[in-house]
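A.B. asks: Predicted model and sequence below, questions to follow.
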Amino acid sequence: MLRAKPAWLCLPYCGVIAIFLFAPALSLVQVSFREVSPTSMTGGVFTTANYARLIDGYYVQILWHTITLSLLSTAIATVLAYPVAYVIARSSGFARTLVAFLVTVPLMTSVVVKTFGWYIILSRGGPASAVASWLGWPGASLLGNDAAVLVGLAEFALPFMVFSLSAAIERIPPNVEEAAANLGAGRLTTFLRVIVPLSRAGLLSGFLLCFGISSSAYVVPAVMGSTSARMVAQQIYDDVLVAFNWPGAAALSVVLLVLLGAVLFTALSIGRRQVAR
Amino acid sequence: MTPSLELRDVVRDYGKGARVGPVSFTADPGLFVSLLGPSGCGKTTLLRCIAGFEPVDDGTLIIDGHSVADIPAHRRGIGLVFQSYALFPHLTVAENVAFGLRLRRVPRAERGKRIEAALQTVGLAHLADRLPSQLSGGQQQRVAIARSIVLEPSIMLLDEPLSNLDYKLRLQMRKELHSLQRRLGMTFVFVTHDQSEALALSDRIIVLSAGKVEQIGTPAEVYRKPRSYFVADFIGGSNLLKAAAIESKGADGALVTLTTGDRFHAVAAAPGIELDRAWLSLRPEDLKLADDAQSGADTLVGKPIARIFSGDRVEVTIALENASSGAETVTLYVSPDQPLAETVRVRAAPGSAVLVGGGP
């Protein structure tokens, strides 16, 4: 903290965040403690009933489902991202630009468009279901399940993981890898013992980005997921627009925010301990 | 005796005319061999070929009697110390040294003993739990050496290991490397651009220039009997004077006439020297002041034009009389209290002048 640079450099950013994130979030917290009222969207008198409601198995299950899907999609994105990130970090010139471009392209498309793209690919009669029936599962529905949601979430999160990791791998001197090889480490061992531990800062930031993106996802689970196993954002949407239960939705949002905050804080403090080591 | 290392016409071709080789040499077990040359001469490329980080495009690379063409870097079992040390920054000193032992599944108890012994050898046992970032350059250097020698390779490759150290530390590490190599009995292949390092440490020096071997020999041979203009010029300070005429004398002797008209008895270390690229090499320490009574062969006459004091001696530069280009000079060392006349005569010690070819 003592080594912090002039704090006023943070002012413009903090101002924007304070006005457009913290102020609405505070009002969200305020609404979450109001009784549901038929006459006012923002609720009536003070109550904790909106939180008590969440202890119900239904909401716990939704939160749990959201966390597991987010962790799984982050894990899938990590496995897919490492090799690409390595190629980007260790190549140069046109090859590097090309691969980095290919990774960036999906970011230029809206998540809605991409999700419907997946919808077409996975729906009955689409290319993926044609392959499935050729493999012996005729008429298999590839939509409306957790696997489809994972595919969509992982694909959306992938570029963020790739760039977090490639930035970290780039900072590892290539001759450290050669030293590992010289001491007898094959490619895989070098990757596990040298590349992964030395790129953990990128792994951490990639994890935070991917987990944050996945756990707050709405469009992907809404379009590709099942109607029974839902994610938190879908429930919040329904509470707001179908049940008109704003205080309930607010309480659920606050829980999601606290959860994400806790994950962020834990991950960052682990990261700091690692760096201090 | 099977050499530890043998290169037979090894070529590394980068394309577009960038090419190292063909290079051939052998390194016998237990010898300290230096690859010496200016930057860009291909010495590091050859080292990387031996370690397996660069492919060999032509020729044969033989380690302990076996061609290693199909053996990847991680199975060659050669030690390598990088110029930048390349320690694992996330591992402690002891863990760095343990890295190769773990991969070889050395049992825990034995591993501990070997790590301890290796760190003791380089004098770092007390820093086993430090991270590389907490060590000085010289200490990191030692960790890099310990990390390799703990695996007891038959060959150690060292890529300019001393060049990142300050002057005093470099001299100290030079001595330590020398005694370490003698104690361990490993074959050391040492890459350097520093001729004094190579002369001080090596049993055998391989002088490289522009991707080719210029000369292979003991430090004394390379210094006393340079086979080419490049070697005479690159190793040690040398006075190089253009030859105007050569008259053969015996097997490897020659009577050389310089452009100044002075005549020298010289040794030709290499056969087939062409006159228009022939030069006479005279080491400064072989030149002594002489009086005019000693005129005749093996002497030069000129005016002292510069004196550089360096404590125990003075380096004097003499502009030669009768020099055709008017710019030919020689340097020699005299004692600090030596008075110099306006015109002086210098004499070369018998047998010290060497005729070299391949000059400009």
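C.D. replies: Nice, thanks for sending it over.

A.B. asks: wait, B:Val106 sits on B:Lys113?
C.D. replies: No: counting by C-beta atoms under 8 Å, B:Val106 does not reach B:Lys113; the two are 9.6 Å apart. All C-beta atoms are positioned from the backbone trio N, CA, C, and that covers glycine.

A.B. asks: out of those two, which sits in the more crowded spot?
C.D. replies: For B:Val106 versus B:Lys113, the count of surrounding residues by other C-beta atoms under 10 Å in any protein chain shown is larger for B:Val106: 18 against 12.

A.B. asks: residue contacts, the more buried one?
C.D. replies: Residues in contact with B:Val106 (C-beta atoms under 8 Å, 6 or more residues apart in numbering or on different chains) are B:Arg114.

A.B. asks: Next up, phi/psi of it, please.
C.D. replies: The phi and psi values for B:Val106, taken as degrees, to the nearest 10, are phi -70, psi 130.

A.B. asks: which outside residues touch whichever strand or helix holds B:Val231?
C.D. replies: In the assignment (DSSP states H and E), B:Val231 maps to helix B:229-234. Outside helix B:229-234, the residues within contact range by C-beta under 8 Å, 6+ apart are B:36-38, B:195, B:207, B:209, B:214-215, B:222, B:226, B:238, B:240, B:277, B:279, B:281, B:354, B:356-360.

A.B. asks: That helix: how far from the chain's middle?
C.D. replies: 12 Å (C-alpha atoms, centre = their mean, to the nearest Å).

A.B. asks: Grab the CA positions of it and hand them over as CSV.
C.D. replies: Extracted in CSV, the C-alpha atoms of helix B:229-234 (Å, rounded to 0.1, in the frame of the first residue of the first chain):
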residue,chain,number,x,y,z
TYR,B,229,45.6,-14.1,-39.9
PHE,B,230,42.3,-14.4,-38.0
VAL,B,231,43.7,-16.5,-35.2
ALA,B,232,46.8,-14.3,-34.8
ASP,B,233,44.6,-11.2,-34.7
PHE,B,234,41.8,-12.5,-32.5
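
A.B. asks: thinking again about what came up before, of the contacts of helix B:229-234, just the buried ones, ChimeraX syntax please.
C.D. replies: In ChimeraX, this line selects whichever of the contacts of helix B:229-234 come out buried by 16 or more other C-beta atoms under 10 Å in any protein chain shown:
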select /B:36,37,195,207,209,214,215,222,226,238,240,279,281,354,356,357,358,359
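
A.B. asks: So which of the contacts of helix B:229-234 are in helices?
C.D. replies: If you go by DSSP state H, these have B:Gln195, B:Val222 in helices.

A.B. asks: can you pull the buried residues of the helix holding B:Val231?
C.D. replies: Under the neighbour-count criterion of 16+ other C-beta under 10 Å, helix B:229-234 has B:Tyr229, B:Phe230, B:Val231, B:Ala232, B:Asp233, B:Phe234 buried.

A.B. asks: Pick the one among those residues closest to chain A.
C.D. replies: Chain A lies nearest to B:Phe234 out of those, by C-beta to the nearest C-beta, at 27.2 Å.

A.B. asks: Residue numbers of chain A in contact with chain B?
C.D. replies: Selection of chain A residues close to chain B by C-beta under 8 Å from any C-beta of the partner chain yields A:173, A:175-176, A:178-186, A:189-190, A:193-194, A:197-198, A:277.

A.B. asks: Can you classify B:Glu152 by secondary structure?
C.D. replies: Three-state assignment for B:Glu152 (DSSP: H, G, I helix; E, B strand; the rest coil): coil.

A.B. asks: Looking at the residues of chain A next to chain B, which are in helices?
C.D. replies: Reading helices off the residues of chain A next to chain B with DSSP H, I get A:Asn175, A:Val176, A:Glu178, A:Ala179, A:Ala180, A:Ala181, A:Asn182, A:Thr189, A:Thr190, A:Pro197, A:Leu198.

A.B. asks: Report the buried members of the residues you listed.
C.D. replies: Among those, the ones that count as buried (16+ other C-beta under 10 Å) are A:Asn175, A:Val176, A:Glu178, A:Ala179, A:Ala180, A:Ala181, A:Asn182, A:Thr189, A:Thr190, A:Leu198.

A.B. asks: what about the spatially closest residue to the second one that is not a sequence neighbour, neighbour count?
C.D. replies: Right, the one you point to is A:Val176. If the residues on either side of it in the chain are set aside, A:Val176 comes closest to B:Ala86, at 5.0 Å by C-beta to C-beta, 6 or more residues apart in numbering or on different chains. Other residues near B:Ala86 come to 23 when the count uses other C-beta under 10 Å.

A.B. asks: Any figure for the gap between the residue of the stretch 1-150 of chain A found nearest chain B and A:Val99?
C.D. replies: Closest contact between the stretch 1-150 of chain A and chain B, by C-beta to the nearest C-beta, is at A:Arg90 (13.7 Å). According to C-beta to C-beta, to the nearest Å, A:Arg90 stands 11 Å off from A:Val99.

A.B. asks: And the contacts of stretch A:255-262?
C.D. replies: Residues outside stretch A:255-262 that contact it (C-beta under 8 Å, 6+ apart): A:25, A:51, A:54, A:63, A:66-67, A:211-212, A:215-216, A:232-233, A:236.

A.B. asks: in the stretch 51-200 of chain A, which ranges drop under the pLDDT threshold?
C.D. replies: Along the stretch 51-200 of chain A, segments meeting pLDDT under 70 span A:139-140.

A.B. asks: do chain B as well
C.D. replies: Counting by pLDDT under 70, chain B contains low-confidence ranges at B:324-327.

A.B. asks: what does it have sitting close to chain A?
C.D. replies: So far as C-beta under 8 Å from any C-beta goes, chain B lies against chain A at B:51-53, B:72-80, B:82, B:84, B:86-90, B:99-100, B:103-104, B:131, B:147-148, B:151.

A.B. asks: now these: which count as buried?
C.D. replies: Buried residues within the residues of chain B next to chain A, defined by neighbour count using 16+ other C-beta under 10 Å: B:51-53, B:73-74, B:76-80, B:82, B:84, B:86-88, B:90, B:99-100, B:103, B:131, B:147-148, B:151.

A.B. asks: Just the residues you listed: which are in helices?
C.D. replies: B:Ala51, B:Phe99, B:Gly100, B:Leu103, B:Arg147, B:Ser148.

A.B. asks: Any chance of those in a markdown table with distance to A:Val16 as columns?
C.D. replies: A markdown table is the format used below for those (distance: C-beta to C-beta, whole Å):
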| residue | distance to A:Val16 |
| --- | --- |
| B:Ala51 | 53 |
| B:Phe99 | 48 |
| B:Gly100 | 52 |
| B:Leu103 | 51 |
| B:Arg147 | 50 |
| B:Ser148 | 54 |
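
A.B. asks: And those, which is closest to B:Lys16?
C.D. replies: Taking C-beta to C-beta as the measure, B:Lys16 sits nearest to B:Ala51 out of those, at 23.9 Å.

A.B. asks: Tell me if I'm right that the closest one and B:Arg76 touch.
C.D. replies: Yes: with contact defined as C-beta under 8 Å, B:Ala51 reaches B:Arg76; the gap is 6.8 Å.

A.B. asks: which neighbours do those two share?
C.D. replies: A:Asn182.

A.B. asks: Residue for residue, what is the longest helix chain B has?
C.D. replies: Using DSSP H, we find that the single longest helix of chain B is helix B:167-184.

A.B. asks: Now do that one: which elements does it pack against?
C.D. replies: Contacts defined by 3 or more C-beta pairs under 8 Å, 6 or more residues apart in numbering or on different chains; DSSP states H and E place helix B:167-184 against helix B:108-121, helix B:137-149, strand B:187-192, helix B:195-201.

A.B. asks: hey, which of those is tucked in deepest?
C.D. replies: Comparing those by mean neighbour count (mean count of other C-beta atoms under 10 Å in any protein chain shown), strand B:187-192 comes out on top with a mean of 26.
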